[in-house]
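Engineer: Sequence first, predicted model second:
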Amino acid sequence: MGTTILAIESSCDETAASVCKDGEILSNIIASQSVHEQYGGVVPELASRAHMQNIVPVVDQALLQAGSKLSDLSAIAFTQAPGLIGSLLVGTQFAKSLSLSLQIPLIAVHHMQAHVLANLIPEQRPTFPFLCLTVSGGHTQIVLAKSALELEVIGETIDDAAGEAFDKTAKLLGLPYPGGPLIDRYAKLGDPLKFKFAEPQIPELNFSFSGLKTSVLYFLQKQEPGFIEANRDDLCASVQHTIVQILLKKLAKAVQQTNVKQVCIAGGVSANSGLRNGLIKMGQKRGWKTFIPDFSYCTDNAAMIAITAYHKFQQGDFVSLSVNPSARAEW
Ligand code: KG4
Ligand code: ZN
């Protein structure tokens with residue numbers, strides 16, 4: 001009969017559902033919320049309402065695409081933390097209700113752990129232990145994965161996340177939110193060494209990105225009108241190059257300290273082509289084995305929740321119906 005898990009992700013502005021059978025992803029459905037575009041960022045109240053509207057059709061589609069019925073399910077998984085509390089409440093309550101009505105176990109998943117374990121979805125996957133650089137809109141971490149359920153944060157940002165660094169500098173360049181993918185697109189046309197921005201000196205394996213935004217701001221303030229329009233591609237390429245260098249240098253330090261040479265990336269920013277190419281090149285040069293998930297498993301999705309839940313299911317790691325979501329990032 002096997003283990004079939006339905007997973008739900010609703011931590012921010014994507015309503016997502018996925019069905020996983022014995023560790024294989026059978027469906028991965030995502031409804032993105034365009035309602036936030038006009039506000040230049042995610043509006044929590046609107047995100048919760050959109051989740052309410054999307055969750056039933058998204059779950060229906062995930063089951064349909066997987067060829068599964070509710071009666072096939074062995075467990076229901078959901079993102080418990082971190083995220084926008086109103087958004088998390090929708091997914092949590094939906095998962096609880098299904099668990100109660102179907103009388104099957106409930107599995108709570110940490111969104112950041114799931115980003116790391118997205119690397120276990122492809123056939124070409126790392127073995128334990130491995131390192132993972134998780135870079136998203138809310139987080140920047142280096143994680144040492146000793147086993148599927150033993151994940152240790154060994155470095156993290158002390159201020160902005162890498163995704164915020166992309167989005168905030170993109171805003172300074174007049175690009176709409178979220179600017180990360182646009183910087184990536186224009187960077188392909190520009191010279192990454194044209195402009196130099198300050199790289200922070202932060203101890204250990206930690207990161208800082210707030211200085212980069214200020215450095216770009218001060219640089220732009222000194223320029224003539226029309227400068228951004230005339231230099232958009234080179235500016236994007238230079239900003240992206242600076243962020244990628246900050247990330248890769250710390251990753252190299254983490255490999256040196258742990259002597260773990262299987263290296264993965266995860267999270268929305270791992271969709272960035274500069275980071276993907278930079279990691280591959282660095283891996284070839286230094287003898288690392290590198291792993292990069294498919295684009296669809298990099299940004300927020302429910303397949304990563306499902307694969308994490310599959311490993312939790314095997315350990316009998318279930319939660320009761322009294323579980324609550326949490327906005328906080330602690331593991
Ligand atoms: O993991 P994610 O989808 O959501 C969070 O949990 O935060 O990450 C979203 C972040 C945004 O900051 C977005 O600008 C960034 O990932 N992002 C990118 C790219 N695609 C998404 N940043 C740079 N280059 C990209 N191609
Ligand atoms: Zn995420």
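Structural biologist: Great, that's in hand. These numbers were taken from a predicted model, which means no experiment stands behind them. Ligands and ions are numbered 1, 2, ... in the order given.
Engineer: correct me, but Ala95 touches Phe78?
Structural biologist: Yes: when contacts are counted by CB atoms under 8 Å, Ala95 is listed as touching Phe78 (3.7 Å). Bear in mind the C-beta positions are built from the backbone N, C-alpha and C, glycine included.
Engineer: Spit out the residues that contact those two alike.
Structural biologist: Common contact partners of Ala95 and Phe78 (CB atoms under 8 Å, 6 or more residues apart in numbering): Ile8, Leu106.
Engineer: Just the terminal-to-terminal distance for stretch 195-204.
Structural biologist: End-to-end span of stretch 195-204 (CA to CA, to the nearest Å): 27 Å.
Engineer: what comes up buried for that stretch?
Structural biologist: Phe195, Phe197, Ile202 (16 or more other CB atoms under 10 Å).
Engineer: Go ahead and name everything in contact with the helix or strand of the chain with the lowest mean pLDDT.
Structural biologist: Across the helices and strands of the chain, mean pLDDT, DSSP states H and E gives its lowest value to helix 295-298, namely a mean of 90. Residues from elsewhere that reach helix 295-298, judged by CB under 8 Å, 6+ apart: 28, 30, 118, 121-122, 265-268, 270-271, 303-304.
Engineer: what about it and ligand 2, touching?
Structural biologist: No: using CB under 5 Å from the ion, we find that helix 295-298 stays clear of ligand 2, coming within 9.0 Å at best.
Engineer: From what I see, Leu275 and Val269 are in contact.
Structural biologist: Yes: contact criterion CB under 8 Å: Leu275 and Val269 qualify, at 6.6 Å.
Engineer: the more surrounded of the two?
Structural biologist: Val269 (31 against 23; other CB atoms under 10 Å).
Engineer: Backbone dihedrals for Thr15, both of them.
Structural biologist: Main-chain torsions, Thr15, degrees, to the nearest 10: phi -100, psi 120.
Engineer: circling back to that earlier point, tell me how far the least confident helix or strand of the chain lies from the chain's centre.
Structural biologist: 9 Å (CA atoms, centre = their mean, to the nearest Å).
Engineer: Can you tell me how far the residue lying closest to Cys12 once chain neighbours are set aside is from Gln257?
Structural biologist: With sequence-adjacent residues excluded and distances taken as CB to CB, 6 or more residues apart in numbering, Cys12 is closest to Gly83, at 5.6 Å. Going from Gly83 to Gln257 by CB to CB, to the nearest Å gives 30 Å.
Engineer: Looking at these two, which one has more neighbours?
Structural biologist: Remark: of Gly83 and Gln257, Gly83 carries more neighbours, 26 against 15, as counted by other CB under 10 Å.
Engineer: Can you classify the more buried one by secondary structure?
Structural biologist: coil (DSSP: H, G, I helix; E, B strand; the rest coil).
Engineer: List the residues that contact it.
Structural biologist: Ser10, Ser11, Cys12, His111, Pro325, Ala327.
Engineer: Walk me through the domains of this structure.
Structural biologist: Split into domains by automatic domain parsing, the chain comes to 4-116+298-314, 126-292.
Engineer: Tell me which stretches of the stretch 151-300 of the chain form strands.
Structural biologist: Along the stretch 151-300 of the chain, the stretches classed as strands by DSSP state E, counting those that start in this stretch are 262-266, 289-291.
Engineer: now these in CSV, with mean pLDDT, distance to Ala187 and mean neighbour count?
Structural biologist: Shown next, in CSV, are the strands of the stretch 151-300 of the chain (pLDDT from 0 to 100; distance: least, CB to CB, whole Å; neighbours: other CB atoms under 10 Å):
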stretch, mean pLDDT, distance to Ala187, mean neighbour count
strand 262-266, 97, 17, 25
strand 289-291, 98, 21, 18
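Engineer: so who does Ile25 touch?
Structural biologist: Residues counted as contacts of Ile25 (CB under 8 Å, 6+ apart) are Ser18, Val19, Ile121, Ala303, Ala306, Ile307.
Engineer: So which of the residues you listed belong to helices?
Structural biologist: In helices, defined here by DSSP state H, the members of those are Ala303, Ala306, Ile307.
Engineer: from memory Gln124 sits against Phe291, does it?
Structural biologist: Yes: here Gln124 reaches Phe291: they are 7.0 Å apart, a contact under CB under 8 Å.
Engineer: circling back: kindly indicate the member of the ones in helices among the contacts of Ile25 with the most neighbours.
Structural biologist: Neighbour count (other CB under 10 Å) singles out Ala306 as the most crowded of those, with 35 neighbours.
Engineer: With Leu106 as the reference, measure out to it.
Structural biologist: In terms of CB to CB, Ala306 sits 14 Å off from Leu106.
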